[in-house]
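# got a structure for you, letters missing:
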């Protein structure tokens, strides 16, 4: 399957999730704190290269893929390369929010299943403590059937697009590198794509 088609399918999956996550956010009243970025700074953040294929393709179309790959090969940070700190007080943001990965889109507005199959909202301490009333009522509503996107469901859908890339879970900066390498290798012996083919 071509890079363009895989990018299109991943972006379609992201679009579906955006609709579901937006509805869940409205129903729950939960929201991320503006300028927080704590989840982005987590040193053990893992992702699949496939969820960052749209990001890598976007950089390639804009002539930034090779330089970004060089930078990623030179840094030793475990913090997501796309995250940018805005102040010494710990505030920051995603520098390429439109092309953020699946993990970024799910966290805070999706659930995981515990070993008994019960749904547990995957969110941060800041939301749990700072929005305790909404969190507790949402937790109860989920147990009574409130729909919430589920991590495993979305990662299963992702892996159906490209089993190898979708099932390979790596530290986030390694996932970014592999996504860039995939795009650069693919076009090393193919014509440059029409920029209009980028679905983002």
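Arrived safely. The structure displayed is predicted, hence computed values, not measured ones.

# list the contacts for residue 32?
Taking C-beta atoms under 8 Å, 6 or more residues apart in numbering, we find residue 32 in contact with 108, 127. Just so you know, the C-beta spots here come from the backbone N, C-alpha and C atoms, and that holds for glycine as well.

# and it, that one's in a strand?
No: Residue 32 is assigned coil when assessed by DSSP: H, G, I helix; E, B strand; the rest coil, not a strand.

# distance of it from residue 123?
To residue 123, residue 32 is 9 Å away according to C-beta to C-beta, to the nearest Å.

# now do residue 162
28 Å.

# likewise residue 71?
Here residue 71 is placed at a distance of 31 Å from residue 123 (C-beta to C-beta).

# before we move on, what about residue 79?
20 Å.

# so for these two, which residue has more residues nearby?
residue 123 (21 against 18; other C-beta atoms under 10 Å).

# follow-up on the earlier one: overlap in contacts, residue 32 and residue 123.
Jointly contacting residue 32 and residue 123 under the rule C-beta under 8 Å, 6+ apart are residue 108.

# check which residues of stretch 135-151 are buried.
Across stretch 135-151, burial judged by 16 or more other C-beta atoms under 10 Å covers 135, 138, 139, 142, 146, 148, 149, 150, 151.
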